[in-house]
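Asker: any chance you could fold what I've pasted below:
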Amino acid sequence: MLIQLENEFFHGVADTYGGELISLKDKNEVEYLWGGDEAYWVGRSPHLFPIIGTLKNQETRINGRRYSMEKHGFARNTFYEVVKQTKTAVTFLLKDTEETKLKYPFAFSFYVTHTLQTEGFTTSYRIVNEGREEMPFCVGGHTGIRCPVREGESFADYQIQFERPVSLKAYCPASDDPVKKTSELSFLEKEDHFTLNYDLFAEGPIIFNQISEHTLKLINPKSKKGVGYTFEGFPVLALWTIGKKQAPYLCLEPWHGLPAFEEDGEELREKQHSIVLGQGEEKILSYHLQVL
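Answerer: As a prediction, the model looks like this:
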């Protein structure tokens, strides 16, 4: 079911399947979000829970038992309940079921709230441990943004800009096989931007672990148009498109977790940046997109 959102500046569409915000248009009918396309990628802006990426050997251990789970977890491929709706916001809820417990044996509530703002939107996650046992998990966003946004532009017209010069190292895994910690490469050295090109994504995503800057712009420096993106509280940022297809989008992915590494332990709680909640505890995280 599609949910229509509206304020003075934007019209948004959210989908109960996946709990995603799938469209954001300004009053000039300019679309900012990637809507999926079989020629490139049918996904849009999925939510990653309770794992990021794949598992080492396609399985993990939870309290001594082995479990398997699909890439990025099950939260992106299911229907959510609408628990609150206004003209400008909607809150979706995903709860544990007998089916989810075959993959992830915990009682949980996963709330996703999309709120239109005067300059864009905010997406918030609220994860609650509804059980008695400690609950480990990873969680992340995967915001698909049209790039280029406007006709007459190209992907290479855009830059990723930071607020100040940064030095960044990156993992660029070419497959879903476990990543080696030693494969991290220098990416930026005291620079405040880099220009996009499809060669950067020829093999797969770019993953910045322990990123220190949590505000960036995806922007055409000539027109000054694009989007700003803020993701406080997330220790990892991934960037992804299908470079070999020259796909007209870029995914900005704030993660609290990482895909499988060769050095990972067997237990889910041992994954890098995993969160562990005690009985009744909750974790709240959010990211914000600003139209420039």
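Asker: for the protein, what helix or strand is lowest in average pLDDT?
Answerer: In the chain, the helix or strand scored least confidently by mean pLDDT, DSSP states H and E is strand 60-62, which has a mean of 92.
Asker: tell me what that one is packed against?
Answerer: strand 65-67 (3 or more CB pairs under 8 Å, 6 or more residues apart in numbering; DSSP states H and E). Heads up, the C-betas are built off the backbone N, CA and C, glycines and all.
Asker: buried set for the strand it packs on?
Answerer: Neighbour-count burial for strand 65-67 flags residue 67 (criterion: 16 or more other CB atoms under 10 Å).
Asker: name the next helix or strand following that strand along the chain.
Answerer: Using DSSP states H and E, the helix or strand that follows strand 65-67 towards the C-terminus is strand 81-85.
Asker: pairing partners for that next one, with directions?
Answerer: strand 89-95 (antiparallel) (DSSP bridges).
Asker: quick one: contacts of the strand it pairs with?
Answerer: 3, 5, 14, 16, 19, 49, 75, 78, 80-85, 108-116, 130 (CB atoms under 8 Å, 6 or more residues apart in numbering).
Asker: in the least confident helix or strand of the chain, what's buried?
Answerer: Going by neighbour count (16+ other CB under 10 Å), the buried part of strand 60-62 is 60, 62.
Asker: so how far is it off the chain centroid?
Answerer: 23 Å (CA atoms, centre = their mean, to the nearest Å).
Asker: tally of neighbours for residue 91?
Answerer: Around residue 91 there are 20 other residues, counting by other CB atoms under 10 Å.
Asker: can you offset everything so residue one is 23?
Answerer: Happy to do that; since the first residue is 23 now, the last one works out to residue 113.
Asker: quick one, strands of the stretch 23-172 of the chain?
Answerer: 24-28, 32-37, 42-48, 82-84, 87-89, 103-107, 111-117, 130-138, 142-151, 157-159, 161-162, 165-168 (DSSP state E, counting those that start in this stretch).
Asker: mind listing residues that contact the least confident helix or strand of the chain?
Answerer: By CB under 8 Å, 6+ apart, the residues outside strand 82-84 that reach it are 73, 88-89, 91, 126-127, 158, 288-290, 293.
Asker: at 6 Å instead, please
Answerer: Applying CB atoms under 6 Å, 6 or more residues apart in numbering, the external contacts of strand 82-84 come out as 89, 288-290.
Asker: which ones among the residues you listed lie within strands?
Answerer: With DSSP state E as the criterion, strands contain residue 89 from among the contacts of strand 82-84.
Asker: okay, the contacts of strand 82-84 in JSON lines with pLDDT next?
Answerer: Putting those into JSON lines (pLDDT from 0 to 100) gives the following:
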{"residue": "89", "pLDDT": "95"}
{"residue": "288", "pLDDT": "89"}
{"residue": "289", "pLDDT": "93"}
{"residue": "290", "pLDDT": "95"}
